[in-house]
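>>> kindly generate the corresponding structure for this input.
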Amino acid sequence: MTERYDCHYCKESLFGKKYVLREENPYCDLSYKDRHWHEDCFQCFQCKHSLVDKPFSTKDEQLLCTECYSNEYSSKCHECKKTIMPGSRKMEHKGNSWHETCFTCHRCQQPIGTKSFIPKESHNFCVPCYEKQFAMHCKQQLSGQRFTSRDDFAYCLNCFCNLYAKKCASCTTPNS
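This next block holds a predicted model:
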């Protein structure tokens, strides 16, 4: 008569199934943090899909597939309202999160990415668009005088200091 070969942890038969030996005792093939599962039992707590050979996460000791975990616990994009998948790049500002491609300039609709931006009235603007739409320039002739440029725009020194120079915390005038 053949001797039974059972899982040391759950006592289910391992006949014809994968298993691992630990300290000379057979265990069901799948384990995570000292917990063991049969292949058929290793599944997402919410959707019940198999997690065998798939990435997964845990929350409150429950196994979750990446999709269920993301839908339940990941950030949602402030613009498109869809889940921002773990591992993907996201932009954050004032407690809100965006997909990298959804964090765009309100005026030109181009992704801002890691470039500087200026928030105004609940919208975000890339610096060139903000300057075109809101910045006041003196519009004086720059030839024959000292000037500087930034982001392909030329400025007299006074306008440049007012827009970009660090300001004194006390009197708020530019530190030249």
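
>>> just the strands in the protein please.
19-22, 25-28, 30-32, 35-37, 56-59, 62-65, 90-93, 96-99, 117-120, 123-126, 147-150, 153-156 (DSSP state E).

>>> quick one: the helices in this structure, in order.
Counting by DSSP state H, one finds helices in the chain at the ranges 66-73, 127-133, 157-164.

>>> output those in TSV; the columns should cover mean pLDDT, mean neighbour count and distance to residue 143.
For glycine as for every other residue, the C-beta is placed from the backbone atoms N, C-alpha and C. Output for the helices of the chain, formatted as TSV (pLDDT from 0 to 100; neighbours: other Cβ atoms under 10 Å; distance: least, Cβ to Cβ, whole Å):
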stretch	mean pLDDT	mean neighbour count	distance to residue 143
helix 66-73	84	17	57
helix 127-133	80	17	21
helix 157-164	78	16	14
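
>>> beta-bridge partners for the residue nearest the centre of the chain, please?
Central residue of the chain (Cα atoms, centre = their mean): residue 90, 3.4 Å from the mean position. Beta-bridge pairing of residue 90 under DSSP bridges involves residue 99.

>>> and it, what's its pLDDT?
We have a pLDDT of 88 for residue 90.

>>> for stretch 140-152, which positions count as buried?
residue 147 (16 or more other Cβ atoms under 10 Å).

>>> what sits up against that stretch?
By Cβ atoms under 8 Å, 6 or more residues apart in numbering, the surrounding residues in contact with stretch 140-152 are 127, 128, 131, 154, 155, 156, 157, 160, 164.

>>> residues in contact with the last one?
The contact partners of residue 164, taken as Cβ under 8 Å, 6+ apart, are residue 150.

>>> tell me the spacing between the nearest residue to residue 66 once chain neighbours are set aside and residue 110.
Excluding the flanking residues, the one nearest residue 66 by Cβ to Cβ, 6 or more residues apart in numbering is residue 55, at 5.2 Å. Per Cβ to Cβ, to the nearest Å, residue 55 is found 33 Å from residue 110.

>>> for residue 166, same thing?
27 Å.

>>> kindly report the same for residue 94.
21 Å.

>>> more neighbours, the two?
Neighbours were tallied for residue 94 and for residue 110 using other Cβ atoms under 10 Å; the higher tally belongs to residue 110 (12 against 7).

>>> right, and residue 100 touches residue 112 too?
No. Assessed by Cβ atoms under 8 Å, residue 100 is found out of contact with residue 112, at 9.0 Å.

>>> which one of these two is surrounded by more residues?
Taking other Cβ under 10 Å, residue 100 and residue 112 do not tie; residue 112 has more neighbours (21 against 16).
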